[in-house]
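**Q** Provide a 3D model corresponding to the input given below.
(one chain, ligands or ions: 1)
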Amino acid sequence: MTRTAAEDQQAWNRYWTRWAAEYDEHQLSRLSLPGEREAWSRAFGAALPPGTREVLDLGTGSGNVALLLAADGYDVTGIDLSPGMLAQARAKLAGHPHPPTFLEADAANPPFAQASLDAIVSRYLLWTLRDAPTALRRWHELLRPGGVLVAIDGQWFEPEDDGADGNTAQGVPAEADAPVDAPAPATPRQEHFAEAYDEAAVDQLAFARAGVERICAAWEEAGFVEVRADPLPELLELDRVHGVAPGHSPQLLHRFSARRGD
Ligand SMILES: C[S@@+](CC[C@H](N)C(=O)[O-])C[C@H]1O[C@@H](n2cnc3c(N)ncnc32)[C@H](O)[C@@H]1O
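**A** Numbering: from 1, shown residues only. Take a look at the predicted model:
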């Protein structure tokens with residue numbers, strides 16, 4: 001049965017909430033390994049110009065990027081639509097030297113004033129967007145002139161140019177932090193992912209199957225300047241050294257970045 005857009009969103013929120021604790025446990029175990037925090041801090045920090053203060057983390061999930069950037073001194077707000085993810089994020093606020101704020105809100109239409117942010121960042125959020133052009137234009141409005149948009153993401157589904165049907169070789173969509181050649185889902189979480197993000201749903205997601213060039217073109221169409229996509233081999237190497245979650249394998253991520261023109 002075809003789901004409406006609202007039903008899709010509810011199914012996705014339920015998925016992220018149900019697996020939030022497991023998701024965060026994996027994220028935290030990776031961040032505790034040598035070089036991980038520093039590498040992620042560099043991956044975002046290198047794209048944030050001097051003078052950046054107010055940062056919005058879209059689809060913050062269990063908040064680890066927001067917490068990392070806040071520890072680096074930025075004033076960070078993280079937003080997400082999954083109450084379970086936000087609960088994981090908020091549970092880590094105590095004792096943080098410069099805590100971020102976490103809010104339940106839609107990344108596609110963040111509740112902020114126009115030209116109020118120095119930077120908008122995200123990790124693993126781009127692929128979840130339904131109406132990417134509208135979201136990109138909205139983010140462009142929220143940035144101050146000269147403000148930056150930075151998104152780190154990977155290619156989690158069969159790319160559109162392959163004429164693929166959106167499924168993995170095993171007939172089930174890869175999980176959002178899994179490569180396209182991942183083994184067949186075996187865990188309840190992977191089965192739930194395949195149900196929440198079934199082929200019809202993934203077809204609604206503007207960037208889920210998009211390559212780097214198409215994503216960059218969409219950013220330019222939204223008005224951004226100095227659009228670039230940098231591969232992040234340092235993070236790939238850490239995946240290889242430290243290993244990845246069950247059913248996953250190392251994947252080359254890209255950092256997309258751009259500026260709102262003055
Ligand atoms: C793969 S997780 C990434 C979480 C986090 N950014 C990280 O790097 O660990 C994707 C997150 O995006 C959130 N998300 C997806 N669509 C969203 C939307 N429209 N508004 C807010 N959050 C959204 C999900 O709830 C989930 O927490």
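**Q** Point out the residues in the stretch 101-250 of the chain that sit beside the ligand.
**A** Residues of the stretch 101-250 of the chain lying close to the ligand by CB under 6 Å from any ligand atom are 106-108, 123-125, 128, 176. Using the backbone N, CA and C atoms, a C-beta is placed for each residue, glycine as well.
**Q** Shouldn't Thr60 be within a strand?
**A** No. Counting by DSSP: H, G, I helix; E, B strand; the rest coil, Thr60 is not part of a strand but coil.
**Q** returning to that earlier point: out of the residues of the stretch 101-250 of the chain next to the ligand, list just those in helices.
**A** Among those, none falls in helices (DSSP state H).
**Q** Turn the residues you listed into CSV, including neighbour count.
**A** What follows is these, written out as CSV (neighbours: other CB atoms under 10 Å):
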residue, neighbour count
Asp106, 15
Ala107, 22
Ala108, 20
Arg123, 24
Tyr124, 17
Leu125, 23
Thr128, 24
Ala176, 20
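**Q** pLDDT added to those residues, as a markdown table?
**A** Output for those, formatted as a markdown table (pLDDT from 0 to 100):
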| residue | pLDDT |
| --- | --- |
| Asp106 | 97 |
| Ala107 | 98 |
| Ala108 | 97 |
| Arg123 | 98 |
| Tyr124 | 96 |
| Leu125 | 97 |
| Thr128 | 96 |
| Ala176 | 55 |
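**Q** Arrange those in TSV, one row each, with distance to Asn64 as further columns.
**A** Formatted as TSV, those follow (distance: CB to CB, whole Å):
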residue	distance to Asn64
Asp106	20
Ala107	16
Ala108	22
Arg123	8
Tyr124	11
Leu125	13
Thr128	17
Ala176	15
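**Q** Which helix or strand lies directly C-terminal to the biggest helix by length in the chain?
**A** Criterion DSSP H: the longest helix present in the chain is helix 5-18. Downstream of helix 5-18, the next assigned helix or strand under DSSP states H and E is helix 20-31.
**Q** do the helix or strand following that following helix and the ligand meet at all?
**A** Next helix or strand after helix 20-31 toward the C-terminus (DSSP H and E): helix 36-45. No. Using CB under 6 Å from any ligand atom, helix 36-45 stays clear of the ligand, coming no nearer than 9.1 Å.
**Q** could you give the angle of helix 36-45 to helix 20-31?
**A** With axes from the mean of the first three to the mean of the last three CA atoms, to 10 degrees applied, the angle from helix 36-45 to helix 20-31 works out at 100 degrees.
**Q** Give the rounded mean pLDDT of helix 36-45.
**A** When pLDDT is averaged along helix 36-45, the result is 98.
**Q** Run through the neighbouring helices and strands of that helix.
**A** On a contact count with 3 or more CB pairs under 8 Å, 6 or more residues apart in numbering; DSSP states H and E, helix 36-45 meets helix 20-31, helix 64-71, strand 143-153, helix 233-242.
**Q** State the distance from the nearest residue to Trp16 once chain neighbours are set aside to the ligand.
**A** Counting by CB to CB, 6 or more residues apart in numbering, Ser82 is the residue found nearest to Trp16 once chain neighbours are left out, at 3.7 Å. Going from Ser82 to the ligand by CB to the nearest ligand atom, to the nearest Å gives 4 Å.
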